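Student: can you look at this prediction? I've put the sequence above it.
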Amino acid sequence: MDLLLKNATYIDWKTLEFSLKNILVRENVSSLQFIADSGIGTVEQGVETMDCTGRLVTKSFAVGHHHVYSALSRGMAAPKENPQNFSEILKYVWWTLDKCLDPAMIESSALVTAMACLKAGSTFVIDHHASPFAVKGSLEIIAKAFEKVGVSHLLCYEISDRDGIHVAREGLSETDHFLSYHQGLVGLHASFTVGERTLGKAVDMMKKHNTGIHIHVAEDAYDQGQSINKHGRRVVERLEKAGVLSSPKTLLVHCLHLEENERELIRKSPIWVVQNCESNLNNNVGYFNGKGLGENIMLGTDGMHSDMLRSARAAFFVGQRHDNITYESAYRRFRNVHRYLSDNGFDGDGDNNLVILDYDSPTPVSRENFFGHFLFGITSNHITDVISNGRLVMKDKKITTVDENEILGESRLQAERLWSKMHQNS
Ligand SMILES: [Zn+2]
């Protein structure tokens, strides 16, 4: 059903212009229609009307890099051996976890991730998925779960040689199959787990489906060391030589340990960089610095959580010492994902994706001081309603598309199954 948002304080996310508006939102019609007060009477019939007096309405958010596969990790026991560095964190935690995932766990992970994204105002998610012993069909499970909840997506399977050539082949064929029916990317785990043959095949797949590569890059110095030892060049040089940097759809995630010539290769290419500050803090791998990388920088959560406002705030706080970030560039990085999606023609992030905020500020809010409210005031707790592709998918903080309690009840059972399987396997 079409929606009429009456008396909303609408913030244009590009110009930050504030205006009092009646907004007609249509399902699957990406543009918005603004209705004059005199025209409301004729529009109101047959639409759901919401009084937005005192509420802020603006474009909803999008997650530039997420991991559905880690959704059931919250609260799980620490690994038997305490990881001493980044590669041990992968080995003892994430690669133990993703090997245990089965279709039911993947479905629960995707459903709870989609719900958490909506609650935090994101209606679009770019995900990077791994489940080495349940590869086939995994992307379709995630796509269906996201669509059920009402979240648009750009998915990929993180292809890797780390579990042998057979699993790498399965990743390639899952990607090929999924991209025949859906928009998406070709996922690679990281340079240090992808050999020359698999890298070449992934780039061929990228060209075949006219898409981009989605890969972790220089998250830890280990990635660079392995690349120099095995391939005689640094990670970004290696990826450039393989053709990864030729597509404007390509996403290089993290990009912490880069030398000047790698920054230049990125700056001169059409690709995008995704920053995930809290994950870098958690893994103790270093700090992001956008210097010399150009303007194509956006933000993700790296599976830590689903709250992009939180990611933006962390990027600003940490970036004050380690980056060239400002109030304005923090906001720009937060919103750049929309430019990435629209410039590349991906569906699902049109103007009919909105958040409604009950932001009862103790100080005036305007275009002039919006960045201050964005970084220090507005949180996901202020989001009351979310509209995804013109559909009201969250109303008064309750998701309308699915039964939240049922999904959370099921995911707790799946988490217990996963944890006991991990315990047996470790
Ligand atoms: Zn990641």
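Tutor: Good, I have the coordinates.
Student: A312 against N336, yeah?
Tutor: No. Taking contacts as CB atoms under 8 Å, A312 lies outside contact range of N336: 10.9 Å. C-beta: built from backbone N, CA, C; applies to glycine.
Student: what kind of secondary structure is the residue most central in space within the chain in?
Tutor: Nearest residue to the geometric centre of the chain (CA atoms, centre = their mean): V63, 2.7 Å. Per DSSP: H, G, I helix; E, B strand; the rest coil, the local secondary structure of V63 is strand.
Student: how about it, what does it touch?
Tutor: 117, 122, 124-127, 300-301, 306, 308, 337 (CB atoms under 8 Å, 6 or more residues apart in numbering).
Student: anything in contact with each of A312 and N336?
Tutor: Common neighbours of A312 and N336 (CB under 8 Å, 6+ apart) are L299.
Student: quick one: which of the two has more around it?
Tutor: A312 (24 against 21; other CB atoms under 10 Å).
Student: retrieve the pLDDT associated with that one.
Tutor: You'll see A312 listed with a pLDDT of 98.
Student: okay, it and R263: tell me how far apart.
Tutor: 22 Å (CB to CB, to the nearest Å).
Student: quick check: G350 vs L32, distance?
Tutor: Distance, G350 to L32, by CB to CB: 9 Å.
Student: re the thing from before, next step: the contacts of V63 restricted to strands.
Tutor: 122, 124-127 (DSSP state E).
Student: residues contacting L357?
Tutor: 55-58, 378, 382-384.
Student: by neighbours, which of those wins?
Tutor: I383 (25 neighbours).
Student: identify the residues contacting that residue.
Tutor: Taking CB under 8 Å, 6+ apart, one finds 119-121, 355-357, 394, 397 in contact with I383.
Student: nearest to A36 among those?
Tutor: I356 (20.8 Å; CB to CB).
Student: in its sheet, what does the helix or strand where that closest one lies sit against?
Tutor: In this assignment (DSSP states H and E), I356 forms part of strand 354-357. According to DSSP bridges, strand 354-357 forms sheet pairs with strand 56-59 (antiparallel), strand 383-388 (antiparallel).
Student: ok, then the element right after that strand?
Tutor: Sequence order places helix 370-376 as the next helix or strand after strand 354-357, per DSSP H and E.
Student: and that next one, how far from the chain's centre?
Tutor: Put simply, helix 370-376 sits 22 Å off its chain's centre (CA atoms, centre = their mean, to the nearest Å).
Student: only the buried residues of it, if you could.
Tutor: 370-371, 373-375 (16 or more other CB atoms under 10 Å).
Student: in JSON lines, list these along with distance to G390 and pLDDT.
Tutor: Below are those laid out as JSON lines (distance: CB to CB, whole Å; pLDDT from 0 to 100):
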{"residue": "F370", "distance to G390": "25", "pLDDT": "98"}
{"residue": "F371", "distance to G390": "29", "pLDDT": "98"}
{"residue": "H373", "distance to G390": "27", "pLDDT": "98"}
{"residue": "F374", "distance to G390": "25", "pLDDT": "98"}
{"residue": "L375", "distance to G390": "30", "pLDDT": "97"}
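Student: closest to Y181 among those?
Tutor: F374 (37.3 Å).
Student: tell me the average confidence for the top helix by length along the chain?
Tutor: Longest helix of the chain, by residue count under DSSP state H: helix 404-425. Averaging pLDDT along helix 404-425 yields 95.
Student: got the CA positions of that helix in CSV?
Tutor: C-alpha atoms of helix 404-425 as CSV (Å, rounded to 0.1, in the frame of the first residue of the first chain):
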residue,chain,number,x,y,z
GLU,A,404,10.7,-11.0,15.3
ASN,A,405,10.3,-13.2,18.4
GLU,A,406,9.9,-16.4,16.3
ILE,A,407,13.1,-15.6,14.3
LEU,A,408,15.1,-14.8,17.4
GLY,A,409,13.8,-17.9,19.2
GLU,A,410,14.9,-20.0,16.3
SER,A,411,18.3,-18.2,16.0
ARG,A,412,19.1,-19.0,19.7
LEU,A,413,18.5,-22.7,19.0
GLN,A,414,20.7,-22.5,15.9
ALA,A,415,23.4,-20.6,17.8
GLU,A,416,23.5,-23.5,20.4
ARG,A,417,23.7,-26.0,17.6
LEU,A,418,26.6,-24.1,16.0
TRP,A,419,28.5,-23.6,19.3
SER,A,420,28.3,-27.3,20.2
LYS,A,421,29.4,-28.3,16.7
MET,A,422,32.4,-25.8,17.0
HIS,A,423,33.3,-27.3,20.4
GLN,A,424,33.4,-30.8,18.9
ASN,A,425,35.5,-29.6,15.9
